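Chemist: Structure for this input, please:
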Amino acid sequence: MKPSVDWGFSILFLEAVIYMNSNIEESFYKDVAKTLISEVLAHDCESGSARDFSFFETSLEQEGIEFLTQTLPSLGKAFDKALATDGQLIVPELFGSGPIPCFLSERFQLFFDATGNLFSYLMDGAPSLLPEDLAVLKQSCREIRQVCYLWYKLELPYDKKTSEEVLASFVETDQSLPEIGKDNPSHFIIMEARKVISRLLAGFTAVDIQPRHGPGAVATGEKGPSKAYFSHMYRSLEAEYPFYEYFVSGANGLCDDYHLWDMGLTLEDEPTAKVVLVPKDSRGPRLISCEPLAIQWIQQGIMNPLVKLLERHWLTKGHVNFTCQRVNRRLALEASAGANWYTLDLKDASDRVSLSLVERLFSGCECYRKLIASRSTCTRLPNGNVVRLKKYAPMGSALCFPVEALVFFVLAICSICKDLGLKLSQAREWVYVYGDDIILHPLAKECVVRHFSNVGLLFNAAKCCTGRIRFRESCGCDAFQGADVTPVRFRIRWCRSNKDANALASWVSYANSIGCLGYVKTARLIQKYVELLFGELPFLSDASLTCNLSTIGEIVQEKRTSLLGWSPSSLGITKSARELNRLRRLRYRFSRKVHRAEVFGPTIQARHSKVTWEGWAELLRRTSQGSSEKIPGVFTVPRRCFVKWTWGAE
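Modeler: Okay, the predicted model is just below:
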């Protein structure tokens with residue numbers, strides 16, 4: 001039950017004004033944006049502050065949300081590219097025709113001269129700068145990027161033309177992948193990498209696996225509990241993973257449910273995935289592949305032991321990571337402070353790892369036939385067209401991430417060994433990989449880029465940080481001169497329903513995060529909007545909410561409490577959470593079970609579906625999923641949750 005709140009006349013009036021506005025979402029975005037820019041400009045004493053705010057306000061009224069989601073990010077990208085590559089600032093047209101943008105010009109002039117080139121004294125750690133001047137530079141870099149990128153990741157609707165462009169790019173990239181033969185310029189590197197992978201995966205047969213279902217949708221259409229029965233089987237997959245061994249609960253289950261498999265199981269030749277478009281950011285959608293149910297079932301089973309092997313093997317341990325991004329983030333910060341590391345970003349990484357390359361690299365492994373049998377050979381586009389895939393696996397396949405990471409790492413270290421004459425044990429110390437985020441020693445960049453391009457792997461030059469000004473980014477950490485300058489980025493759209501649990505959790509986190517960066521007024525404005533919609537939320541103590549700015553500038557909800565609430569320090573309040581909650585007259589109780597005082601507040605609960613199933617289907621589900629769901633017949637509905645008001649620690 002949601003607590004009753006005495007809002008007062010002024011709050012009721014504000015609520016009425018907000019909800020009478022049919023463009024509540026756009027008004028919310030504009031109010032937050034104006035508050036943020038006013039806080040940023042409040043740090044200035046220059047006369048340009050009024051000019052900057054006027055430009056921002058005018059542009060926002062003229063362009064609307066596109067100014068926040070497209071125009072400002074274009075300026076941020078130009079700034080990042082110049083920092084990352086020691087290049088010249090190319091000012092987007094909407095920000096003037098000069099070498100310095102007309103917006104936030106005082107801050108840009110700290111980095112660029114009258115011709116738009118970086119000041120030479122910024123190179124190699126800015127040794128000639130006083131500590132206080134360097135602190136101003138770091139703060140200015142953080143403010144420019146925060147203003148430019150705040151709304152960049154907002155998941156807005158996209159039009160048909162954008163969708164068609166994304167699909168056309170997907171098909172074009174796939175069909176352009178080269179065939180890797182003996183005439184390839186990097187043939188020697190490929191052969192050496194093949195030997196390394198064969199030794200690394202020696203003994204890994206991918207036979208003794210525990211298959212399981214993934215959380216996502218499948219191309220064959222089964223949802224939730226219906227995934228317990230397989231409707232499609234594929235000849236290539238069945239040859240490696242017999243149906244009666246991997247898809248049913250033993251011989252008894254096969255015999256008892258024989259009538260279901262005899263009538264409802266279709267044997268097919270081509271495993272065909274399905275392409276779907278999901279919101280990514282303001283630029284448009286992200287393309288995801290939905291794998292067939294049987295294919296996904298086996299992929300998940302292979303993925304877990306493969307990832308564990310790579311994270312434990314002496315060659316890849318600590319250098320090829322899947323479960324923790326902290327290694328790459330730490331190295332990005334160290335590189336920006338002076339360590340010899342470049343951060344590189346691959347372009348369309350998963351879409352450019354060709355089947356031909358994987359065949360050449362893995363054909364000497366015992367698990368090779370299993371890896372090939374558990375991939376979709378074709379995919380169906382939204383318009384119904386079927387495309388035969390030249391890539392190994394698109395994004396959405398459970399094997400895409402581990403296979404591509406291993407390919408990148410081994411190709412990189414073999415390139416270093418061949419061109420620079422290092423031993424394998426030495427070359428591994430020069431490379432770190434997390435997905436398509438690669439960190440290299442500067443001396444290795446040239447040879448790695450050259451050999452990667454020979455096998456169809458391309459780098460995104462605008463995102464590769466190789467400059468002397470020490471700006472680096474990897475795995476969500478943006479670092480400049482040893483400081484974390486990662487901006488808070490809003491992703492989830494504002495809503496008008498107090499039933500939207502995802503929006504509540506997201507915007508509470510956004511408010512706490514932006515407040516931790518010092519933008520207290522912006523955090524309080526978000527708090528006001530949230531509480532007008534969902535009711536008053538409790539304040540939570542610093543022991544329950546930890547402000548972690550060393551990596552991505554987000555508030556981390558620890559397990560001590562499941563409640564959603566505000567951090568007093570993020571909102572610029574010095575009083576304790578207990579004091580603030582009592583001033584709000586929130587409900588308290590003392591729990592005799594855990595011997596603590598508890599406050600009444602909102603929490604996010606997963607939705608469950610209860611279905612009566614026959615024993616073998618339920619047994620298969622429980623043995624594959626482990627003990628995550630203890631009640632027989634109860635299924636957690638993926639990506640579905642609701643708001644529940646309950647008691648919890650503050």
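
Chemist: Residue 69: what's it in contact with?
Modeler: Neighbouring residues of residue 69 by C-beta atoms under 8 Å, 6 or more residues apart in numbering: 151, 152, 154, 156, 281, 282. Bear in mind the C-beta positions are built from the backbone N, C-alpha and C, glycine included.

Chemist: Quickly list the domain ranges of this structure.
Modeler: Listed domain ranges for the chain are 43-153, 161-480, 530-648 (source: automatic domain parsing).

Chemist: Please report the distance of residue 594 from residue 445.
Modeler: 55 Å (C-beta to C-beta, to the nearest Å).

Chemist: who's more crowded, those two?
Modeler: Set residue 594 next to residue 445 and count neighbours by other C-beta atoms under 10 Å: residue 445 wins out with 16 against 8.

Chemist: before we move on, back to that, where among the domains of the chain is the average confidence lowest?
Modeler: With a mean of 76, domain 530-648 has the lowest mean pLDDT of the domains of the chain.

Chemist: Endpoint to endpoint, it covers what distance?
Modeler: 20 Å (C-alpha to C-alpha, to the nearest Å).

Chemist: now stretch 373-388
Modeler: Terminal-residue distance, stretch 373-388 (C-alpha to C-alpha): 15 Å.

Chemist: so what secondary structure elements neighbour the helix or strand encompassing residue 267?
Modeler: Under the criterion of DSSP states H and E, residue 267 resides in strand 266-268. Under the contact definition 3 or more C-beta pairs under 8 Å, 6 or more residues apart in numbering; DSSP states H and E, strand 266-268 sits against strand 232-234, helix 235-240.

Chemist: Now tabulate these in a markdown table and tack on mean neighbour count and distance to residue 602.
Modeler: Converted to a markdown table, the helices and strands packed on strand 266-268 look like this (neighbours: other C-beta atoms under 10 Å; distance: least, C-beta to C-beta, whole Å):
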| stretch | mean neighbour count | distance to residue 602 |
| --- | --- | --- |
| strand 232-234 | 21 | 42 |
| helix 235-240 | 16 | 45 |
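
Chemist: could you dump the ones you listed to a markdown table with distance to residue 267?
Modeler: Output for the helices and strands packed on strand 266-268, formatted as a markdown table (distance: least, C-beta to C-beta, whole Å):
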| stretch | distance to residue 267 |
| --- | --- |
| strand 232-234 | 5 |
| helix 235-240 | 7 |
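
Chemist: Turn the domains of the chain into TSV, including distance to residue 509.
Modeler: As requested, these are exported to TSV (distance: least, C-beta to C-beta, whole Å):
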stretch	distance to residue 509
domain 43-153	14
domain 161-480	15
domain 530-648	5
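
Chemist: Please identify which of these is closest to residue 493.
Modeler: domain 161-480 (8.9 Å; C-beta to C-beta).

Chemist: follow-up on the earlier one: let me know the closest of the contacts of residue 69 to residue 76.
Modeler: For those, the nearest to residue 76 is residue 152 (7.2 Å; C-beta to C-beta).

Chemist: secondary structure element for that closest one?
Modeler: Using DSSP H and E, residue 152 falls outside every helix and strand.

Chemist: and if you look at residue 609?
Modeler: With DSSP H and E as criterion, residue 609 is part of strand 596-610.

Chemist: For that strand, buried residues please.
Modeler: Buried residues in strand 596-610, counted by 16 or more other C-beta atoms under 10 Å: 598, 599, 600, 601, 602, 603, 604.

Chemist: Can you tell me which of those comes closest to residue 584?
Modeler: Of the buried residues of strand 596-610, the one sitting nearest to residue 584 (C-beta to C-beta) turns out to be residue 599, at 9.7 Å.

Chemist: and the buried residues of strand 596-610 as TSV, adding distance to residue 297?
Modeler: As requested, the buried residues of strand 596-610 are exported to TSV (distance: C-beta to C-beta, whole Å):
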residue	distance to residue 297
598	42
599	44
600	43
601	39
602	36
603	33
604	29
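
Chemist: And those, which is closest to residue 583?
Modeler: residue 599 (12.6 Å).

Chemist: for the closest one, what are its contacts?
Modeler: So residue 599 contacts 538, 563, 581, 586, 587, 588, 647, 648, 649, 650 (C-beta under 8 Å, 6+ apart).

Chemist: measure residue 158 to residue 281 for me?
Modeler: With C-beta to C-beta as the criterion, residue 158 and residue 281 are 10 Å apart.

Chemist: same deal with residue 112?
Modeler: In terms of C-beta to C-beta, residue 112 sits 27 Å off from residue 281.

Chemist: Look at those two and report which has more neighbours.
Modeler: Set residue 112 next to residue 281 and count neighbours by other C-beta under 10 Å: residue 112 wins out with 21 against 18.

Chemist: isn't that one right up against residue 82?
Modeler: Yes - contact criterion C-beta atoms under 8 Å: residue 112 and residue 82 qualify, at 7.3 Å.

Chemist: Find residues that contact each of those two.
Modeler: With C-beta under 8 Å, 6+ apart as the test, residue 112 and residue 82 both reach 89, 118.

Chemist: Give me the phi and psi for residue 274.
Modeler: Phi and psi for residue 274, reported as degrees, to the nearest 10, are phi -130, psi 130.

Chemist: show me the contacts for the nearest residue to it once chain neighbours are set aside.
Modeler: Spatially, and ignoring its direct neighbours in sequence, residue 274 is nearest to residue 219 (3.8 Å; C-beta to C-beta, 6 or more residues apart in numbering). Contacts for residue 219 (C-beta under 8 Å, 6+ apart) come out as 272, 273, 274, 290, 291, 292, 293, 376, 380.

Chemist: Next step: those restricted to helices.
Modeler: The helices, defined by DSSP state H, take in residue 293 from those.

Chemist: so which of the contacts of residue 219 comes closest to residue 516?
Modeler: residue 290 (37.3 Å).
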